[in-house]
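Student: structure for this input, please:
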Amino acid sequence: MFPTVREVLDLDPVRNGAPKVVAGERGLDQVVRWVHSSEVPDIATLLRGGELVLTTGIGLPPDDVGLRRFIADLSEVRACGLAVEMGRRYSTRLPVAMVRAADELGLPLVELHRGTPFVLITEAVHSMIIDAQLAELRATEEIHQRFTDLSVEGAGPAEVVAQAAALAGAPVVLENLSRQVLAYDAAGGSAELLLATWEAHSRRIRPAGRTGHDAESGWLVTTVGARGRDWGRLLMRVPTADPRYVILIERAASTLALGRLIRGDEEGQTHRTLLAALLGHTTPVDEVVLRARALGVHLDRRHLVGVVIRPALATEAAQALRETSLKGLVGALDEASAGVLLALRSADDEQDALNRFATRLRGLTATDMVIAAGEGVGTPREARRSLVEASQVAQAARHDQRSGVVRSTDVGLAGLLYLLRDEPRLQTFVERELGELLAYDARHPREQLLGLLRIYLECGRNKSAAAEHSHLSRPAFYERLAKIGKIVGADLDDVSACLSLHVALLALDALRR
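Tutor: This is a model prediction of the structure:
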């Protein structure tokens, strides 16, 4: 950071001159960009702004009108102060007209009551400025390196925003064009206070240009977008539009824009992150609720229903939510499935909302799909249970359950066996019941007795109907059925034995799926 006029007055070479501020105290916190010594009355024409001017006063105008004009010219070019060494032109104090003009314009005016070489002041201040510039260059290099690394690593919005907040030491918020929060970092402060009524607060922040500082609200803002398409704003709560902050926020915005080009929709990414946090317990539930609310999805005091779609039609599911005016989180859970957490005002709305959502989703694509729903719950802390149940039901759903919305009551025994497919004891049961028959079919591929057993059991042990379905004569079917009973070591006229074999067949189907 460049030194202020106040900090310059505290330097040893300046203090040796016995400085006395006689006007413009409200300007003492202006930044000193350079120090310039001069004895010409039109020095203002040579300045660019931010200079502290040193003079003995010898070349200043002799009349009050000229002195006021001199001060006005310095203020107009935004000089940050004027220090006059006493004793050459003015003995004990500066002219009243000069002091009043400086005070009216807020230009710091300083009397130096002891002689001090201006070169010592210049060297001291310029040394501070150069050190500040070097520090700024190092900080800028660090900013670029940090965000380059994040881009290479494919960091998500939350990581980019967290890095920006850490480097700035200030809260940072990423929002979409509807003023919904996609990611934030409170920089150690209260997230609740930061995000409370965020949309209304954000709409009052209106800086000029693509990057600008809104002094009234204290937020530095830059637009986020790429290829001519803006999709959000990045906000950083800092007191001024210091160049380092501007570089930091614009570099972070560039990283976010690049990430969107690579990964796609940031809002969808945030939805996926929140769903993953609920399922994996990676983020406190209260924080998930807070972040979802900032996205416009209220999870507290809502009836929540987990929904899982196979295959992973996340984009279509999000569109179906919008077109049915339903609220919820939606995103891909893995390569095979997408998840939705519906947030309904009442449990009475559950079935109607599920039907409307499923109908619209199926209308958006001709893809064959399973839409499974878990049991509705009343609090965000129970949402994981509903999502997990929906995921299990979606996995257990059979091919003939690909219409409507599948619930746990629809999957039956076959669904239960599918959920238990990784259980070694179930696998052992299948091998004990059907292992010999499977081995026989492997040695005699033309006979395929397992298929005949399936037909017999699915026909309710009606041998005549089973023979007809298998396109065999009754004697031939009876002969093969007897062979099956001998291979599996069971009486196929016994209800209990047939039930065990039927369950084993269903379990085998689950294992093979």
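Student: in the chain, what residue spans correspond to strands?
Tutor: If DSSP state E is used as the criterion, the strands of the chain fall at 19-23, 34-37, 51-55, 81-85, 109-112, 172-176, 181-185, 211-214, 219-226, 229-237, 303-310, 328-332, 338-344, 370-373.
Student: neighbouring strands of the fifth one in the sheet, and parallel or not?
Tutor: When you say that, I think you mean strand 109-112. strand 19-23 (antiparallel), strand 81-85 (parallel) (DSSP bridges).
Student: report the buried residues of that strand.
Tutor: 109, 110, 111, 112 (16 or more other Cβ atoms under 10 Å). The way it works is simple: take the backbone N, C-alpha and C, and place the C-beta from them, glycine included.
Student: in a markdown table: the strands of the chain, plus distance to residue 427.
Tutor: Formatted as a markdown table, those follow (distance: least, Cβ to Cβ, whole Å):
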| stretch | distance to residue 427 |
| --- | --- |
| strand 19-23 | 88 |
| strand 34-37 | 81 |
| strand 51-55 | 84 |
| strand 81-85 | 85 |
| strand 109-112 | 89 |
| strand 172-176 | 48 |
| strand 181-185 | 45 |
| strand 211-214 | 62 |
| strand 219-226 | 52 |
| strand 229-237 | 50 |
| strand 303-310 | 24 |
| strand 328-332 | 30 |
| strand 338-344 | 29 |
| strand 370-373 | 25 |
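Student: run through this structure and note the low-pLDDT ranges.
Tutor: 1, 262-267, 398-402, 513 (pLDDT under 70).
Student: so how far is the lengthiest helix in the chain from its chain's centroid?
Tutor: Ranked by residue count, the top helix of the chain under DSSP state H comes out as helix 118-153. Relative to its parent chain, helix 118-153 has a centroid offset of 30 Å by Cα atoms, centre = their mean, to the nearest Å.
Student: what helices and strands are in contact with it?
Tutor: helix 5-9, helix 12-15, strand 34-37, strand 51-55, helix 157-168, helix 243-263 (3 or more Cβ pairs under 8 Å, 6 or more residues apart in numbering; DSSP states H and E).
Student: 7 Å - rerun?
Tutor: helix 12-15, strand 34-37, helix 157-168, helix 243-263 (3 or more Cβ pairs under 7 Å, 6 or more residues apart in numbering; DSSP states H and E).
Student: just the C-alpha atoms of the longest one, please, in CSV.
Tutor: Right, the one you point to is helix 243-263. Extracted in CSV, the C-alpha atoms of helix 243-263 (Å, rounded to 0.1, in the frame of the first residue of the first chain):
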residue,chain,number,x,y,z
PRO,A,243,-5.5,-1.7,-7.3
ARG,A,244,-4.5,-4.9,-5.5
TYR,A,245,-8.2,-5.6,-4.7
VAL,A,246,-9.2,-4.9,-8.3
ILE,A,247,-6.5,-7.2,-9.7
LEU,A,248,-7.5,-9.9,-7.2
ILE,A,249,-11.3,-9.8,-7.9
GLU,A,250,-10.8,-9.6,-11.7
ARG,A,251,-8.3,-12.6,-11.6
ALA,A,252,-10.8,-14.6,-9.5
ALA,A,253,-13.6,-13.7,-11.9
SER,A,254,-11.5,-14.9,-14.9
THR,A,255,-10.8,-18.2,-13.1
LEU,A,256,-14.5,-18.7,-12.5
ALA,A,257,-15.4,-17.9,-16.1
LEU,A,258,-12.8,-20.3,-17.4
GLY,A,259,-14.1,-23.0,-15.0
ARG,A,260,-17.6,-22.5,-16.3
LEU,A,261,-16.4,-23.0,-19.9
ILE,A,262,-14.8,-26.3,-18.8
ARG,A,263,-17.4,-27.6,-16.4
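Student: how about it: buried residues?
Tutor: Neighbour counts over helix 243-263 (16+ other Cβ under 10 Å) mark 244-246, 248-260 as buried.
Student: not counting that helix itself, show me its contacts.
Tutor: 136, 139-140, 143-144, 147, 150-151, 154-155, 157, 160, 164, 167-168, 174, 211, 220, 222, 224-226, 231, 234, 236, 238, 266, 269 (Cβ atoms under 7 Å, 6 or more residues apart in numbering).
Student: quick one: distance of that helix to the chain centre.
Tutor: 13 Å.
Student: tell me the angle that helix makes with strand 229-237.
Tutor: Using axes from the mean of the first three to the mean of the last three Cα atoms, to 10 degrees, the inter-axis angle of helix 243-263 relative to strand 229-237 is 140 degrees.
Student: hang on, the earlier thing: out of the contacts of helix 243-263, which are buried?
Tutor: For the contacts of helix 243-263, a neighbour count by 16+ other Cβ under 10 Å gives the buried set as 136, 139, 143, 147, 150-151, 155, 157, 160, 164, 167-168, 174, 211, 220, 222, 224-225, 231, 234, 236, 238, 266, 269.
Student: mind checking the strands of the chain for the one nearest to residue 454?
Tutor: strand 370-373 (23.6 Å; Cβ to Cβ).
Student: which helices and strands does the closest one pack with?
Tutor: By 3+ Cβ pairs under 7 Å, 6+ apart, strand 370-373 packs against strand 303-310, helix 350-364, helix 383-396.
Student: could you count how many residues lie near residue 464?
Tutor: Applying other Cβ atoms under 10 Å, we find 10 residues neighbouring residue 464.
Student: an error on my part: the question was meant for residue 91.
Tutor: Residue 91 is flanked by 7 other residues according to other Cβ under 10 Å.
Student: could you check how many residues crowd around the closest residue to residue 181 other than its chain neighbours?
Tutor: Leaving aside its chain neighbours, residue 181 sits nearest to residue 294 (3.3 Å; criterion: Cβ to Cβ, 6 or more residues apart in numbering). Per other Cβ under 10 Å, the neighbour tally for residue 294 reads 23.
Student: which ones are touching residue 294?
Tutor: 180, 181, 195, 198.
Student: what do you get if the cut-off is 6 Å, keeping everything else the same?
Tutor: Taking Cβ atoms under 6 Å, 6 or more residues apart in numbering, we find residue 294 in contact with 181, 195, 198.
Student: next: residue 167.
Tutor: If you count contacts by Cβ under 6 Å, 6+ apart, then residue 167 has residue 248 around it.
Student: rerun at 8 Å
Tutor: 142, 143, 146, 248 (Cβ atoms under 8 Å, 6 or more residues apart in numbering).
Student: now residue 392: closest residue in space, sequence neighbours ignored.
Tutor: residue 419 (5.5 Å).
Student: how does this structure divide into domains?
Tutor: As given by automatic domain parsing, the domain ranges for the chain are 5-125, 154-264, 268-272+295-419, 424-512.
Student: want to throw the ones you listed into JSON lines with distance to residue 282?
Tutor: Formatted as JSON lines, those follow (distance: least, Cβ to Cβ, whole Å):
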{"stretch": "domain 5-125", "distance to residue 282": "44"}
{"stretch": "domain 154-264", "distance to residue 282": "11"}
{"stretch": "domain 268-272+295-419", "distance to residue 282": "11"}
{"stretch": "domain 424-512", "distance to residue 282": "30"}
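Student: nearest to residue 279, out of the ones you listed?
Tutor: Among the domains of the chain, if distance is taken as Cβ to Cβ, the winner is domain 268-272+295-419, at 5.8 Å.
Student: centre of the chain to the closest one, how far?
Tutor: The answer for domain 268-272+295-419 is 23 Å, by Cα atoms, centre = their mean.
Student: do me a favour and get the end-to-end distance for it?
Tutor: 29 Å (Cα to Cα, to the nearest Å).
Student: need the residue closest to the centroid of this structure.
Tutor: Centrality entry for the chain: nearest residue to the mean C-alpha point is residue 183, 3.4 Å, by Cα atoms, centre = their mean.
Student: which ones are touching it?
Tutor: Shown in contact with residue 183 (Cβ under 8 Å, 6+ apart): 156, 157, 158, 160, 161, 173, 174, 266, 270.
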